[in-house]
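Asks: sequence-free structure coming up:
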């Protein structure tokens with residue numbers, strides 16, 4: 001029985017729709033095409049792409065679909081007796097010139113503009129029971145090692161300690177909390193616009209990220 005090896009790492013990936021100032025969100029394209037792209041490229045052994053979802057760029061609007069996806073995946077995970085699950089959330093940073101791995105999320109919703117459902121919270125705790133807006137949750141993934149592995153593949157990647165306070169941070173905070181409660185892992189990745197880094201390169205990066213995370217994952 002010991003020769004069976006570890007169970008595969010299952011990924012659930014999300015992106016966002018358009019929002020104020022970004023009429024075409026690159027993450028919607030990346031996540032929509034990722035399943036087919038990975039299939040064509042040949043999914044590495046030990047890697048399973050469980051789901052790819054596009055969220056509304058809205059706090060509560062994104063949360064409804066996010067929670068549905070999270071709970072559904074956990075149900076499937078229990079059935080397959082596997083806890084090797086990683087959530088990857090892609091968001092766009094229009095000013096970015098490289099890929100950014102977000103280390104943490106703050107328990108604060110302070111939206112610089114209304115989200116796509118018109119919500120504009122200011123200094124509101126995302127989870128009041130977690131305490132004040134200064135409280136943070138961190139990913140348990142080994143970001144330094146992941147960054148080095150991606151750099152060897154030719155990608156410019158940096159680690160950030162501040163995902164902002166808009167919808168990206170809002171979704172990430174909920175995902176990190178859910179991951180902690182359910183023994184999974186979570187990561188938020190900011191990508192540039194396609195005018196800065198072209199679509200094909202970003203697709204390759206997304207596939208490479210899954211491969212690197214699968215190989216570096218430890219329980």
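Replies: On my side now, so go ahead. In this text, all values refer to a predicted model and were calculated from it rather than measured experimentally.
Asks: lowest confidence element among the helices and strands of the protein?
Replies: Across the helices and strands of the chain, mean confidence by mean pLDDT, DSSP states H and E is lowest for helix 59-80: a mean of 73.
Asks: immediately after that one, which helix or strand?
Replies: Going down the chain from helix 59-80, the next helix or strand is strand 85-92, by DSSP states H and E.
Asks: now that next one: average pLDDT?
Replies: Strand 85-92 comes out with an average pLDDT of 95.
Asks: show me what that strand pairs with in its sheet, parallel or antiparallel.
Replies: Sheet pairing here is set by DSSP bridges, and for strand 85-92 it gives strand 9-16 (parallel), strand 185-191 (parallel).
Asks: format the ones you listed as a markdown table; extra columns: mean neighbour count.
Replies: (C-beta placed from N, C-alpha, C; glycine too.) A markdown table is the format used below for these (neighbours: other Cβ atoms under 10 Å):
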| stretch | mean neighbour count |
| --- | --- |
| strand 9-16 | 24 |
| strand 185-191 | 24 |
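Asks: JSON lines please, covering those and showing mean pLDDT.
Replies: Formatted as JSON lines, these follow (pLDDT from 0 to 100):
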{"stretch": "strand 9-16", "mean pLDDT": "94"}
{"stretch": "strand 185-191", "mean pLDDT": "97"}
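Asks: quick check: closest non-adjacent residue to residue 210.
Replies: residue 11 (5.5 Å; Cβ to Cβ, 6 or more residues apart in numbering).
Asks: next up, the contacts around that neighbour.
Replies: By Cβ atoms under 8 Å, 6 or more residues apart in numbering, the contact set of residue 11 is 47-50, 85-88, 210, 213-214.
Asks: neighbour-wise, give me the winner out of those.
Replies: For those, the largest neighbour count, defined by other Cβ atoms under 10 Å, is 27 neighbours, found at residue 87.
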